[in-house]
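Asks: can you look at this prediction? I've put the sequence above it.
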Amino acid sequence: MGQTVLMRINIAGYAGEPATLYGAYDPGTDVLAIVKIAKEYEGGPRDGFLKITNQQRDAAFDGLFIEEETRDAILAFYDLQALKLLNLQGDAARANPDSRIERDGMDEGGIKFKIHPDASNAQVAVLAACLFAGRQRGYQRTVDFMAELNGLTTI
């Protein structure tokens, strides 16, 4: 599998101050580690990091987290958490969104969730990180498959 993906997640518009979280996703182990909550929101560029945001006004982002993806982000969070593949380190542990999510029944699309109105930007950032870690897994599998096919054609 590929190399570790460094991530910076910027979220604003939920409870509290806008948040910037830093983490790393290892596609080889499928572990997502959120290691730091920045003291201030960092909207500018930073080399070497996959930048995830919910703010279109942020300059040069790699992934836009939109509200319609919240359910998928919650499911990705619970998947990583259940498999013990999510590691919230140091002060990032206070951004665990689990206490701000509640099940709200089921419909034809599956389990419905509600997020408490007081969920912090940092807690939503963790959800966004989980969603994009899952996407990175898919991208990496595609890259690996293409490399394997390329190896077969060069025989």
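Replies: Yep, that arrived. Numbers count the residues shown, from 1 in each chain.
Asks: helices and strands of this protein: which one bottoms out on pLDDT?
Replies: Here the helix or strand of the chain ranked lowest by mean pLDDT, DSSP states H and E is helix 121-153, holding a mean of 78.
Asks: roughly how far is stretch 6-15 from the heart of the chain?
Replies: In terms of C-alpha atoms, centre = their mean, to the nearest Å, the centre of stretch 6-15 is found 9 Å from the chain centre.
Asks: give me the most central residue, the chain.
Replies: residue 129 (1.0 Å; C-alpha atoms, centre = their mean).
Asks: dump the residue contacts of it.
Replies: Contact analysis of residue 129 by C-beta atoms under 8 Å, 6 or more residues apart in numbering lists 7, 9, 21, 23, 25, 32, 34, 52. All C-beta atoms are positioned from the backbone trio N, CA, C, and that covers glycine.
Asks: top of those residues by neighbour count?
Replies: Comparing these by number of neighbours (other C-beta atoms under 10 Å), residue 9 comes first, having 30 neighbours.
Asks: quick check, that one in contact with residue 24.
Replies: No: look at residue 9 against residue 24 with C-beta atoms under 8 Å: they stay out of range, at 11.6 Å.
Asks: quick check: which ranges of the protein have low pLDDT?
Replies: Within the chain, the segments meeting pLDDT under 70 span 1, 137-149, 151-155.
Asks: that one: strands as residue ranges?
Replies: 5-11, 19-26, 31-37, 50-53, 63-64, 86-88, 101-107, 110-115 (DSSP state E).
Asks: in JSON lines: the ones you listed, plus distance to residue 77.
Replies: Converted to JSON lines, those look like this (distance: least, C-beta to C-beta, whole Å):
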{"stretch": "strand 5-11", "distance to residue 77": "13"}
{"stretch": "strand 19-26", "distance to residue 77": "13"}
{"stretch": "strand 31-37", "distance to residue 77": "10"}
{"stretch": "strand 50-53", "distance to residue 77": "14"}
{"stretch": "strand 63-64", "distance to residue 77": "16"}
{"stretch": "strand 86-88", "distance to residue 77": "7"}
{"stretch": "strand 101-107", "distance to residue 77": "8"}
{"stretch": "strand 110-115", "distance to residue 77": "10"}
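Asks: OK, contacts around residue 132?
Replies: Applying C-beta under 8 Å, 6+ apart to residue 132 gives the contacts 7, 9, 25, 50, 52, 63, 65.
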